[in-house]
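A.B. asks: need a structure here:
(2 chains)
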Amino acid sequence: MSIEVTGLNKKFGDFVALDDVNVTIPTGQLTALLGPSGGGKSTLLRIIAGLEKGDTGTVNIEGVNATNLPAQKRNVGFVFQHYAVFKHMTVAKNVAFGLEIRKRPKDEIAHRVDELLKLVHLSQFAHRLPSQLSGGQRQRMALARALAVEPSVLLLDEPFGALDAKVRKELRDWLRRLHDDVHVTTVFVTHDQEEAMEVADEIVVINEGRVEQVGTPDQLYDEPANDFVMSFLGEVTHLGGVSLRPHDIDLETQPLLAGAVEGSVSRMVRIGFEVRLHVLTVDGDEVSVIITRTHARSLGLEEGSTVYLTPAAGATVIPRMAAVG
Amino acid sequence: MADTLVHEVAEPAAPVEKPRRAPRVRKTPVTYLMRFIVTAYLFFLVAWPVSLVVTHTFADGFDSIRSLLDDADMVVALQLSAYVAVWSVIINTLFGVGISLLLVRYEFPGKRILNSLLDIPLSVSPVVVGLALVLVYGGRNGWFGPTLAGWGFQIIFSTPGIVMATTFVALPLMIREIVPVLEEIGIEQEQAAESLGASGLQRFWRITLPSIKWGIVYGVVLTLARSLGEFGAVKVVSGNVLGQTRTATLAVEEKYLNFDPQGAYATAFLLAMVSVACIVVVAIIRPKNHP
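C.D. replies: Coordinates of the predicted model:
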């Protein structure tokens, strides 16, 4: 196991950033720390990197107790949301920085920088200053700089957060391919569940300083540990005593199944092939249901129709918790 | 680490920064009126008086400058001024960088008090600064002076006192140049360097110092100009001993009062030229994209 965090606590004044966090991050995988802003995921990443210090708890990196090691001795690569490029150095010098600090021979540095710039497709920009690069290019340069020192783990703090949507999506795909190629243990922080589901091998969901669940994207989506995880990964509605996805509800105009909940359609919105319904049940709940346009038409639904709702067979269903809604 | 799987990321080519043309401003009578007011204001306040110093200096050709440099006491005065200014620049640069880092990068109790203390040299009259130094370091009655005199150090009426007074009045200039630059660059570059294995000293030399370089250069120019021109505080602490503790600015006053305006103009001209030269040199060598 590459990174082991045990019993980590961190407070900023009265604010609890991390509350007894225990996480194990496997070697060679791409792991996402996913959660809402202010949930503590960046703090956890910075503590792993040594840029911040936990109040209590330990951090092990590759079997070495790194809790009290300064960042410069941890051999981690760190990529910042706003790139943190060395503005006064050329692209090549930026990438060479870690190697020069390690006093490697000059020709070895030149060779390695060359190789890395090729890897991130910036060879032709080697002698430019960072100010002459676009945001996406700067972030690729920062990634090459972090990889140059052959870190035991690569940590990325919202690496694509400052980029526009199109570049973000491209870099996301590119990072996944790069990781398949380089295989360095990588942890990245994101608040975008789509980004995490698409890129990561494993996701750690963090909320209010606590780890809510750890698992593969499929596990999290199919077997969410609680209401929070379920609602953070996609739309959730409540039917009877359970939470489930709006598209996992069977809707009939006749009470065919035992336990079906009766209600009436209060609102209907059509978006392309799907129809979103708000159903007011006799229990007083408002349930949202998504069905296909064809299905809605075949049932002859309109606002005010009486319908009967049941959870679909095979749906992800978890008991409803009062606290989260 | 092969270069096989990744394929080109489609992204627009790097934008080469184009020189942006200033937007055209419509010129109205008000524009011309405002230009006239500003020009006239600067002319009567700065340009005319300074140009008169120059013209008076060279009223008899180079005679006044030559006679100034033939006077051994004047040469000592100019050397002393240069010596004091250089020490003041060195001390203020070292402490200025240190205090600026402390103010920007660290939180500690009393930070706001320190911050306002640093403005005192700018807000208090230099004469007060001189008197305060005499009160502490005066050889006979000073609070600390007699002890130092006992060890053989004379501060007041001697070069160390002049350096201290000059350093004191020029203290905030360096800090006020560096602090905004440090605040602007933030700490992420240093943290990145740290995670790449750089020690504190390496981070300072390779990242922080190059980033604040131009702040320091401006600070040096301002400190040098201010130190050369300091009069009030030096007058109090120097004792004005001819050929020993008389600086160039003190000589200007003395010559002027002793009915030697020509000598006063020539000395003033030399002092002004050094400062102007510094500013011109910096304007020439600084990179174009730097404010």
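A.B. asks: shouldn't A:K87 be in contact with A:L133?
C.D. replies: No: between A:K87 and A:L133 there is no contact under CB atoms under 8 Å: 11.1 Å. Every residue, glycine included, has its C-beta placed from N, CA and C.
A.B. asks: Just the CA coordinates for stretch B:189-198, please, in CSV.
C.D. replies: Taking only C-alpha atoms (Å, rounded to 0.1, in the frame of the first residue of the first chain), the coordinates of stretch B:189-198 have been written out as CSV:
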residue,chain,number,x,y,z
GLN,B,189,6.0,28.7,-6.2
GLU,B,190,8.0,28.2,-3.1
GLN,B,191,5.8,25.3,-2.0
ALA,B,192,6.3,23.7,-5.5
ALA,B,193,10.0,24.1,-5.1
GLU,B,194,9.8,22.5,-1.6
SER,B,195,7.9,19.5,-2.9
LEU,B,196,10.6,19.2,-5.6
GLY,B,197,13.2,18.8,-2.9
ALA,B,198,14.6,22.4,-2.5
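A.B. asks: Report the contact partners of B:V134.
C.D. replies: Taking CB atoms under 8 Å, 6 or more residues apart in numbering or on different chains as the contact definition, B:V134 lies against B:G142, B:I156, B:V236, B:V237.
A.B. asks: Tell me how far the second one lies from chain A.
C.D. replies: B:I156 is 44 Å from chain A, where distance means CB to the nearest CB, to the nearest Å.
A.B. asks: can you tell me the helix or strand for the residue sitting furthest away from the middle of chain A?
C.D. replies: In chain A, the residue that sits farthest from the middle, by CA atoms, centre = their mean, is A:Q254; the gap is 41.8 Å. For A:Q254, there is no helix or strand it lies in under DSSP states H and E.
A.B. asks: circling back to that earlier point, got the contacts of B:V134 as JSON lines, with neighbour count, distance to B:T57 and pLDDT columns?
C.D. replies: Rendered in JSON lines, the data for those read as follows (neighbours: other CB atoms under 10 Å in any protein chain shown; distance: CB to CB, whole Å; pLDDT from 0 to 100):
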{"residue": "B:G142", "neighbour count": "18", "distance to B:T57": "40", "pLDDT": "79"}
{"residue": "B:I156", "neighbour count": "27", "distance to B:T57": "33", "pLDDT": "85"}
{"residue": "B:V236", "neighbour count": "20", "distance to B:T57": "28", "pLDDT": "90"}
{"residue": "B:V237", "neighbour count": "28", "distance to B:T57": "29", "pLDDT": "90"}
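A.B. asks: Now do the contacts for A:D114.
C.D. replies: A:D114 is in contact with A:S123, counting by CB under 8 Å, 6+ apart.
A.B. asks: Identify the farthest-apart pair in the contacts of B:V134.
C.D. replies: The distance between the two most remote of these (CB to CB) is 12.8 Å, for B:G142 and B:V236.
A.B. asks: that older thread, more crowded one of A:K87 and A:L133?
C.D. replies: A:L133 (20 against 15; other CB atoms under 10 Å in any protein chain shown).
A.B. asks: do you know how far that one is from chain B?
C.D. replies: A:L133 sits 5 Å away from chain B, taking CB to the nearest CB as the criterion.
A.B. asks: residue contacts, that residue?
C.D. replies: By CB under 8 Å, 6+ apart, the contact list for A:L133 reads A:V91, A:L122, A:F125, A:M141, B:A14.
A.B. asks: Identify the spatial nearest neighbour of A:L116, chain neighbours not counted.
C.D. replies: Of all residues not flanking A:L116 in the chain, A:A144 sits nearest, at 4.2 Å (CB to CB, 6 or more residues apart in numbering or on different chains).
A.B. asks: what are the C-alpha coordinates of whichever strand or helix holds that neighbour, in PDB please?
C.D. replies: A:A144 belongs to helix A:135-148 when assigned by DSSP H and E. Presented in PDB, the C-alpha positions along helix A:135-148 are these (Å, rounded to 0.1, in the frame of the first residue of the first chain):
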ATOM      1  CA  GLY A 135      -3.400  27.400 -19.100                       C
ATOM      2  CA  GLY A 136      -3.500  23.800 -20.200                       C
ATOM      3  CA  GLN A 137       0.100  24.000 -21.400                       C
ATOM      4  CA  ARG A 138       1.200  25.400 -18.100                       C
ATOM      5  CA  GLN A 139      -0.500  22.600 -16.200                       C
ATOM      6  CA  ARG A 140       1.100  20.000 -18.500                       C
ATOM      7  CA  MET A 141       4.500  21.700 -17.800                       C
ATOM      8  CA  ALA A 142       3.800  21.600 -14.000                       C
ATOM      9  CA  LEU A 143       3.000  17.900 -14.400                       C
ATOM     10  CA  ALA A 144       6.300  17.200 -16.200                       C
ATOM     11  CA  ARG A 145       8.100  19.200 -13.500                       C
ATOM     12  CA  ALA A 146       6.500  17.000 -10.800                       C
ATOM     13  CA  LEU A 147       7.300  13.800 -12.700                       C
ATOM     14  CA  ALA A 148      10.900  14.700 -13.400                       C
END
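A.B. asks: counting contacts, what elements does that helix pack onto?
C.D. replies: The helices and strands touching helix A:135-148, judged by 3 or more CB pairs under 8 Å, 6 or more residues apart in numbering or on different chains; DSSP states H and E, are strand A:76-79, helix A:91-101, helix A:106-119, strand A:153-157, helix A:165-182, helix B:188-195.
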